[in-house]
Each structure stands twice: as structure tokens, then as C-alpha cells.
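[1] Turn this into a structure:
(chains A, B, C and D)
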2 protein chains.
Amino acid sequence: MDLTPRQAEILAFIRRHCVEHGLPPTRAEIVTAFDFRSPTAADDHLRALARKGAIELRPGVSRGIRVLEPEDPPEAANDGVPLVGRVAAGLPMLATESVEGWYKLDRRMFAAEPDFLLRVQGWSMRDAGILPGDLLAVQRRATARNGEIVVARIGDEVTVKRFERRGDLVRLLAANPDFAPIRIDLSREELVIEGRVVGLVRNGGFGIS
Amino acid sequence: MDLTPRQAEILAFIRRHCVEHGLPPTRAEIVTAFDFRSPTAADDHLRALARKGAIELRPGVSRGIRVLEPEDPPEAANDGVPLVGRVAAGLPMLATESVEGWYKLDRRMFAAEPDFLLRVQGWSMRDAGILPGDLLAVQRRATARNGEIVVARIGDEVTVKRFERRGDLVRLLAANPDFAPIRIDLSREELVIEGRVVGLVRNGGFGIS
DNA sequence: TCGAATACTGTATGTGCATACAGTTATTCG
DNA sequence: CGAATAACTGTATGCACATACAGTATTCGA
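    Next up, the predicted model:
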């Protein structure tokens, strides 16, 4: 549900108050800021905002207001790369819907500078040491060379495979005998290369709870 | 003026509280967190912190605590973590002889904060997706829990294995059927745990020249 | 035309919280 | 040694705040 203009004003005030004073406002402070005559006016707005999921209210706690979506964009500037989780069908790779977070990477750590991180799903690259849950550092590229591991899109599906091309015939090879190669005839079918894998980061699977 | 260890603890708690709950703590909440018996204990610390310029107190305002230096050091002091290559026989893990470089890591990317990176040699952990040339993010720890993947030293050799202990018998398990488990009887032999693996970074093996 | 929101006014009530006052026990320092 | 500081215990007091109850006016979709 969308916020009314007035509710958006209140929410903006709460955000501003948090930044300027380091803590959320009280009902009374909202009353003063908007020149209300009753604390209930402020309280009504808070309840409306909470009902619509914009804030969280903690009963009995002074200043117990928490803004749930801190900012519109996570920080437009380029101080990190986005982590892309499940890619929603039909959407571009970096659609905000799919971005789970932003991470700063030391680019020297990878073979080339990555543009985003992609979470691996499935076991198809198991024998290349790429396991489900791993994060792949991906560099955006529309083309690929033989032998590179690429992020490709076939129809609505995003897949990670080793790239092999002979003339017009492309083969996307899994690194797992349980998965058959995918063959694409470029003269008849379309293949979109989203990028090439330049690094891998793993943060689970080491037996740590 | 410098903070006492106790004051630093209080300050750390205030910071953590702000991040986790979105607002500063009350005196009572500090009392609960530190198991004090009197609100004055919390208040004394707040006044000391304010006097030393670490925080700002706003009289008469509930939760009127503002941390003046939001970050510890914004990014300074932390040059990153060292990359340890081949560990020279007999030398401590982090001897300068073995350090090949320093890398800055986004610590949120791993299960726990790593202290150094170690380059993997050999195929013994192949089936855990840990391949030769990979960099393991290692947290220094003298002890380990069952199931954790650890960096251990046996005599002069450093090895990475999965840790299993039953009483005095420790088994270091490879993730590759070609490698037999290493058995150590703690009552007769010594086993030094150098740390536990909390993450993995790979920068090669993707077919990029 | 009637209910359901939105957007308020006005008054109360009780507790969440900051804060003052009075001590105690170590530790440090000139 | 005596004074200052750190690190507390224990008890009070009263404003700061969240919150309930009772209305009013306006808009808007069914």
C-alpha cells in the first residue's frame, strides 16, 4: 500500500530527525515539528506508517520508532559491487529486485575487475569447485572466449557454464557428469552472455554454525 | 584523554545498540546488559564518556546519547589481512618470510572475521570445493569444534582438514577418497591448531588467460 | 448514502527514564 | 599518606513519553 503525501512528510521528518539528532523523535517532537495540538495526531500517523510497513513501532519503548527502508538507493556511488541473488525471470541482471546487498572488494584479489556478485544455485559446476551458495565475481561482457566460465541467459533462465564455440555452434559445458552440455546454434537461436566469471567467494560450508 | 577498558566496553555497547535497534540505549538498558544493580553505574559511565568527548549527552531527553565518532577508525589502521603462501618450515604462521601481500576484505562477506589468507596446496580437500591455488580466509583459533575445517600444524607441516575429535583421539579428515584420515592421540602427540577456515576466495581456474 | 480511511483536537493516566543524593571499595598518583 | 578517579550499590523523585478514550471534519470508493 502506498503512503499518502502527509504520511510521506511524517516519514521524511522521522528520517531527518534520526540523521540530525542520532535518535528517532518522540510523539511530542512530531507534534512540535508539525504544529499539531494533540499527541494523538502524531500517534495516528505512526500507526498508519507501521500498518503500511514503512516503520516498526516498539510498544512501551520511548522513541521506539524504526524506519524499515533506510534510504531509497543503497548509495548510488560506486563504493562496492552488488550481490545478485535469485535473478527474477525476464528482468535485467542488475535489477534492484534481485540485489541483496553491496560489498567492497579488493580488485587485486581477482583475475579481472568484477561488476557484480552472483549467488550460485545448483551443483552443475561441482567439479570446478563451484558449489551452491558460493558467490561468483562476474565481469560484464557480451562475448566470451573458449574455456571461459560464463554467466549466460537462455530464455528466462540464468546459468553458469564453461563456454565452447566452434563456428556457429556453442556448447555450454557443466563441470559435473550428471549434467549434459547445452548446445546452441547461433544461426537459429539466441544466446545472451551476461558476463564472465573472474573470481569466487565462499562464506559457508566450513562447519561453522 | 583515553578511555578505560570498561568505558570502551560501554561505548561499544552503545554503538552496537544503535546499529541493532536503531536508537541509543537508556540507562536501564545499559544496567541490564552489564548486570549492574544501579542506574547510577550506567550514568557514571555516560558522564565519563561525555567528559572525555566520546559521546554527547542531551539533558532531559530520553535516550539522549550521541556517539561522536561513529566509526572506530573510518578505514584507517586496517591495512587488510596478510596473504600467506608457502609456510616456511619451523616458522610461525605469520612470519614475514611467508607473507606475499596484503588484501582488504569486506568482513561481512565471510562467516567470521578472518585474520589471514592462506594459499591452498594440493588436492586433499577437492570434494569440499577447495582447490589448489584457492585462498582460504582463516581466523586464528587454538581450538576447534567437530566438523570445522581447520588449519593445523603437525610437526613442520601445515595442513587443511576437517576436524573430528572423540575424547583424546583427533581425526583430520580430507575431502578426497585418495587421502587417508590423519589420526592423532592427544595424550601422546601434539597437535597445533592455527585457525579455522571462515571463507574462500578463488581468482583463477575460470579459463581467463 | 453509508462505511471506512485520513487527518486531526483535547484530556488523562501510568510508566519509562533521567537524574540527584548518599555511600563503598579499589587503584593511581603526587 | 591523602586526594582524586574509577567503578560500582541503593533509594528516590519527577518530568518525559507512550498510549487509551472520546470527539469532529473531510474525502472517497461501493
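[2] so does the longest helix belonging to chain A get close to DNA strand D?
    Among the elements of type helix in chain A, defined by DSSP state H, the one spanning the most residues is helix A:5-21. No. In this structure, helix A:5-21 remains apart from DNA strand D according to CB under 7 Å from any atom of the strand; the gap is never smaller than 10.6 Å. C-beta coordinates here come from the backbone N, C-alpha and C atoms, glycine included.
[3] For that helix, buried residues please.
    A:7, A:10-11, A:13-15, A:17-18 (16 or more other CB atoms under 10 Å in any protein chain shown).
[4] ditto for stretch A:55-73
    Counting neighbours by 16+ other CB under 10 Å, one finds that the buried residues in stretch A:55-73 are A:55, A:61, A:63-67.
[5] filter these by proximity to chain B?
    Contacts with chain B within these, counted by CB under 8 Å from any CB of the partner chain: A:63-67.
[6] Pipe the residues you listed into a markdown table and attach pLDDT and secondary structure per row.
    Conversion of these to a markdown table gives the following (pLDDT from 0 to 100; DSSP: H, G, I helix; E, B strand; the rest coil):
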| residue | pLDDT | secondary structure |
| --- | --- | --- |
| A:63 | 88 | coil |
| A:64 | 85 | coil |
| A:65 | 87 | strand |
| A:66 | 84 | strand |
| A:67 | 83 | strand |
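[7] Out of those, flag the one nearest to DNA strand D.
    residue A:63 (4.5 Å; CB to the nearest atom of the strand).
[8] Which secondary structure state is assigned to the nearest residue to the closest one once chain neighbours are set aside?
    Spatially, and ignoring its direct neighbours in sequence, residue A:63 is nearest to residue A:24 (4.6 Å; CB to CB, 6 or more residues apart in numbering or on different chains). On the three-state scheme (DSSP: H, G, I helix; E, B strand; the rest coil), residue A:24 is labelled coil.
[9] Pretty sure residue A:24 sits against residue A:13.
    No. Between residue A:24 and residue A:13 there is no contact, the gap being 10.4 Å when judged by CB atoms under 8 Å.
[10] how is chain A carved up into domains?
    A:5-67, A:81-201 (automatic domain parsing).
[11] Let's see the pLDDT reported for residue A:51.
    In this prediction, residue A:51 carries a pLDDT score of 81.
[12] My error: substitute residue A:93 in the last question.
    The predicted local distance difference test score for residue A:93 is 54.
[13] swap in the one 3 residues further on?
    With respect to pLDDT, residue A:96 has a value of 51.
[14] And residue A:136, by the same measure?
    So residue A:136 comes in at 92 (pLDDT).
[15] quick one, helices of chain A?
    Listed in chain order (using DSSP H), the helices of chain A are A:5-21, A:27-34, A:39-51.
[16] Thanks a lot, see you next time.
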